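Asker: Here is a sequence with its predicted model. Questions after.
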Amino acid sequence: RLLWVAVGIARLRRLRRAGTPVEDPLYSELQELLGTRADLRCVTGLVQPVTFGLWRPVVLLPEHFDRSPDTIRRAAVTHELFHVQRRDWLAVMCEEAVRAIFWFHPAVWWMTARIQQTREEFIDHLAVLATGSRRAYMEALLAFADGPSLAPAPAFARRPHLFHRIVLLSKETVMSSRRVV
């Protein structure tokens, strides 16, 4: 398991080096709004946005990303920047370490998968609040749903959980601040 994580990290670093920096006022505005400082790079062959790194976070974007509508680009980048803001990469690495140590225990696999799903659902909620468009966010999830993710990086839209995430997003519930926390 640790070897699998190491190979994934090496692949992510290779993609970081191969990517070209993206300079777009939209992304600069989002970073300023969220208080993040992430390197955004466009990568050939990537099919969905990926975020990784703790000290020098990077958001890798697919090469066709700039051809997507502004609403979808804004929603997807907002989602990824919330991961940067919350430093989710550290949590992902800790979860992978626990999985590696307790690889034989099915409850650990279930628990870490549930934690990751809950994290994505919370980020979905934050992104919808930040963009103000539930529909655009759901369209962004669907636009990148078919691509494989780069483990151990958190995927923007993993197919097995996508239906559940879309259903949660489609519900118009108003939650108190206390309940959100």
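Answerer: Received the coordinates, thanks.

Asker: from here on, contacts and neighbour counts on C-alpha atoms
Answerer: Fine.

Asker: wait, residue 100 sits on residue 2?
Answerer: Yes: if you go by C-alpha atoms under 8 Å, residue 100 and residue 2 touch, sitting 6.0 Å apart.

Asker: And these two? Which one has more around it.
Answerer: The residue with more neighbours, out of residue 100 and residue 2, is residue 100; 17 against 12, by other C-alpha atoms under 10 Å.

Asker: which ones are touching that one?
Answerer: Residue 100 makes contacts with 1-2, as judged by C-alpha atoms under 8 Å, 6 or more residues apart in numbering.

Asker: what do you get for residue 20?
Answerer: By C-alpha under 8 Å, 6+ apart, the contact list for residue 20 reads 41-43.

Asker: now with 10 Å?
Answerer: Listed by C-alpha atoms under 10 Å, 6 or more residues apart in numbering, the contact set of residue 20 reads 40-44, 60-61, 63.

Asker: burial measure for residue 167, as a count.
Answerer: With neighbours defined by other C-alpha under 10 Å, the count for residue 167 comes to 10.

Asker: Confirm it sits in a helix?
Answerer: Yes: Residue 167: assigned to a helix according to DSSP: H, G, I helix; E, B strand; the rest coil.

Asker: thinking again about what came up before, pull the most distant pair out of the contacts of residue 20.
Answerer: 40 and 44 (13.5 Å; C-alpha to C-alpha).

Asker: Same drill for the two, tell me which one is more crowded.
Answerer: residue 40 (23 against 15).

Asker: Checking that one next. Helix, strand or coil?
Answerer: Taking three-state DSSP, the label given to residue 40 is strand.

Asker: Can you check the pLDDT for it?
Answerer: pLDDT for residue 40: 95.

Asker: Confirm for me that it is in contact with residue 23.
Answerer: Yes: counting by C-alpha atoms under 10 Å, residue 23 is a contact partner of residue 40 at 7.9 Å.

Asker: what touches both of these two?
Answerer: Common contacts of residue 40 and residue 23 (C-alpha under 10 Å, 6+ apart): none found.

Asker: Show me the longest helix that occurs in this structure.
Answerer: Secondary structure assigned by DSSP state H gives helix 106-131 as the longest helix of the chain.

Asker: Counting by contacts, list what that one packs against.
Answerer: Helices and strands touching helix 106-131, by 3 or more C-alpha pairs under 10 Å, 6 or more residues apart in numbering; DSSP states H and E, are helix 25-34, helix 70-86, helix 88-101, helix 134-143, helix 159-170.

Asker: Number of residues surrounding residue 107?
Answerer: Residue 107 sits with 11 neighbouring residues when counted by other C-alpha under 10 Å.
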